[in-house]
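A.B. asks: below: sequence and its predicted model.
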Amino acid sequence: MLRAQENKKRALISLSGIWEIKKDKSTEEEDIRPIAVPGSWNEQYQDFLYEEGKMRYKKTFHLSKDFEEKAIRLYFEAVNTRSEIYLNGEKVGENEVGYLPFEIDITDKVKFEEENILEVLVENELRTDSFPAGNTPQEDLLVGTADRRPSTNFDFLNYGGIIRPVTIEITNKEKITDIMVDTSLSSSKEKRGIINFEILTNANNNGTIEVVIAGEKHQKDIENGKADVKVELENAKFWNLENPYLYDVEINLKRKDQTLDSYKMKIGIRKIRWDSKNLYLNDEPLKLKGFGKHEEFPVLGQGTFYPLIVKDYNLLKWIGANSFRTSHYPYTEDWLDLADQLGILVIDEAPHVGITRYHYNDETTKLCVKSIKRMIDRDKNHPSVIMWSVANEPESTHPKSEEFFKQLYETAKKSDKTRPVTFVSCMDMPGREDVSLKYFDIICINRYFGWYVFQGRLDEAISALNENLEYVYKKYNKPILLTEFGADAIPGYHYDPPILFSEEYQKELIKRYIEVIDSKDYTIGEHIWAFADFKTQEEVRRPIYNHKGVFTRDRQPKIVAHYLRDIWK
């Protein structure tokens, strides 16, 4: 599925703006309120902060008769979490995967030069059979969640709503339907880049694909709806951190002298590989410096907000980071576009957070397989994406997790063999033996010695960290990335000597962790938790926000940010 795009052959109508919203069962006219799209509903109204359930969105639009012979689709970049789509009172589609796009063909459903009524029934109820997961049975769980408000299996707010843009795309009925790009280096010394395009269309055997790149045109006839085009570039410019060079590509679907469809994209030529100790970009070992973060901000919630994306990249560059993880769900694709442009590496994570023993069944497996395929399908052509993560902090000690995660690993590998696959584990500590991580390419672990255990006792915490890293590497003999470590620091709270919740303690813990990480030849870097403070559920450990951010929620630096800038820059 291609992202909706406006170009010489494709038209877009944005449906972003003010919609109407009401609780689904409400029949009262006064219950209808204005709501901003894109945006989460949670912080737009005080009484919606912890709202779980079904909300009905409504928007009207008109289409010109000029489009009567065209193909018309609705493109939702993301709705959280489950949704049913109605056009003029008729159900035209549904979706059960949050944080990822879906499309609905409305060619035969839409009215021309009349009012069309679009309604979206959105549900964010916390359930065991959906993600993010919540209201899970508590029996025998290592970490209970029943006392949280709401009862989530994850540590961020349960945002609901149409969180990303909605557009109507108008194209010719014969069009390009998907593009897969695979790049490789014949030799980094020869500077020869190889690009393989696999282009899918609905034109069957009647037409030609034209690929325009670096001022040259490459053509291939369509066979069974597909064309494979190989391009070799001499003196190619490779995509890397210092020079993230992107080639402009235009792909045209042609019949004789007529162009039926066109699609534009940017691609980077680069190669990813890994061995037992390192991860490589273009055969150069990588040292990842960065964060786990959240895609959220006051009032907006998880809504797409372009100034925030620009601001966060500005801060990543300011602090000297080169990477981040899309914890704990895929971000809007605009994040990846800018990562491609700026040379920032991304671990792309599926929205599978809060997995427990109650998820190891056929129904949940099918849902996870679907979302992994859709994440990779959306993001496969971004050079900035260097790794897929299929889950965060699951109960991977349980015997049933082994077959479950083996299947998720195989799903990701079948979709993309060029990138390593991981999941982020908080197990493999005393009494918590991980039974599933052995299938994965890179070992990603979260460790909170000095915070949740050995609280305030940094000498003991660092000793435990050192011992645990040695144990984990000996067990797997694979590269290790610490994907989370850190401490809450309430902004402006200072104390000497450093104590819990002070900015000084946060800095000291992170400093000593990095010293240990950097001393190991099998670690590939550090991702601190977290980039910025964020809203989460209510509990005594969370004074309004999770305060592990290096920046505040409104993106002001804490003491540790200046320390990281000194050592990373």
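C.D. replies: All right, it came through fine.

A.B. asks: which strands and helices sit next to the helix or strand harbouring Ile117?
C.D. replies: Per DSSP states H and E, Ile117 falls inside strand 116-123. The contact analysis (3 or more C-beta pairs under 8 Å, 6 or more residues apart in numbering; DSSP states H and E) places strand 116-123 against strand 54-61, strand 82-87. Where C-beta positions appear, they are placed from N, C-alpha and C, glycine not excepted.

A.B. asks: pLDDT on the longest one, on average?
C.D. replies: Meaning strand 54-61. On average, the pLDDT along strand 54-61 is 98.

A.B. asks: which positions within that strand qualify as buried?
C.D. replies: Within strand 54-61, the residues that qualify as buried are Lys54, Met55, Arg56, Tyr57, Lys59, counting by 16 or more other C-beta atoms under 10 Å.

A.B. asks: what is the second one paired to in the beta sheet?
C.D. replies: So the one you mean is Met55. Taking DSSP bridges as the rule, Met55 bridges to Lys23, Val122.

A.B. asks: quick one on the thing from earlier: looking at the helices and strands packed on strand 116-123, which is closest to Arg357?
C.D. replies: Nearest to Arg357 among the helices and strands packed on strand 116-123 is strand 82-87 (23.0 Å), distances taken as C-beta to C-beta.

A.B. asks: which helices and strands sit right next to whichever helix or strand comes after the closest one?
C.D. replies: Downstream of strand 82-87, the first helix or strand assigned by DSSP H and E is strand 90-95. Counting contacts by 3+ C-beta pairs under 8 Å, 6+ apart, strand 90-95 packs against strand 71-76, strand 82-87, strand 102-105.

A.B. asks: how far does strand 90-95 sit from the chain's center?
C.D. replies: Remark: strand 90-95 is offset 25 Å from the chain centroid, using C-alpha atoms, centre = their mean, to the nearest Å.

A.B. asks: which residues touch that strand?
C.D. replies: Residues from elsewhere that reach strand 90-95, judged by C-beta atoms under 8 Å, 6 or more residues apart in numbering: Leu74, Phe76, Val79, Arg82, Ser83, Glu84, Ile85, Tyr86, Phe102, Ile104, Ile106, Lys109.

A.B. asks: do stretch 375-385 as well
C.D. replies: 1, 3, 100-101, 178-181, 183, 239, 244, 246, 265, 267-270, 330, 333, 336-337, 339-340, 343-348, 350, 388, 412, 415-416, 419.

A.B. asks: can you flag the buried ones in these?
C.D. replies: For the contacts of stretch 375-385, buried by 16+ other C-beta under 10 Å: 100-101, 179, 181, 183, 239, 244, 246, 265, 267-270, 330, 333, 336-337, 339-340, 343-348, 350, 388, 412, 415-416, 419.

A.B. asks: pLDDT weak spots in this structure?
C.D. replies: By pLDDT under 70, the low-scoring segments of the chain are 136-150, 187-189.

A.B. asks: mind redoing it with 80?
C.D. replies: 26-27, 134-153, 187-190 (pLDDT under 80).

A.B. asks: that one - how does it break down into domains?
C.D. replies: Domains of the chain are assigned by automatic domain parsing as 11-124+159-171, 176-267, 272-568.

A.B. asks: which ones among the contacts of stretch 375-385 map onto strands?
C.D. replies: Asp178, Ile179, Met180, Val181, Thr183, Met265, Ile267, Leu345, Val346, Ile347, Asp348, Trp388 (DSSP state E).

A.B. asks: what is the most widely separated pair among the residues you listed?
C.D. replies: Among the ones in strands among the contacts of stretch 375-385, Asp178 and Leu345 lie farthest apart (C-beta to C-beta), at 24.9 Å.

A.B. asks: now the helices for the chain?
C.D. replies: For the chain, the helices defined by DSSP state H cover 306-319, 333-342, 362-379, 401-415, 458-476, 503-518, 559-568.

A.B. asks: circling back to that earlier point, contacts for the strand holding Ile117?
C.D. replies: Residues outside strand 116-123 that contact it (C-beta under 8 Å, 6+ apart): 15, 24, 53-63, 74, 79-89, 110, 160-162.

A.B. asks: which residues sit in contact with Glu234?
C.D. replies: Lys191, Arg192.

A.B. asks: again, only using 7 Å
C.D. replies: By C-beta atoms under 7 Å, 6 or more residues apart in numbering, Glu234 lies in contact with Arg192.

A.B. asks: cool, and the one 5 residues further on?
C.D. replies: Contacts here follow C-beta under 7 Å, 6+ apart; on that basis Trp239 touches Tyr245, Leu246, Gly268, Ile269, Arg270, Pro383.

A.B. asks: pretty sure the third one contacts Pro244?
C.D. replies: Read that as Gly268. Yes - contact criterion C-beta atoms under 7 Å: Gly268 and Pro244 qualify, at 6.5 Å.

A.B. asks: spit out the residues that contact these two alike.
C.D. replies: Both Gly268 and Pro244 are contacted by Asp340, under the criterion C-beta under 7 Å, 6+ apart.
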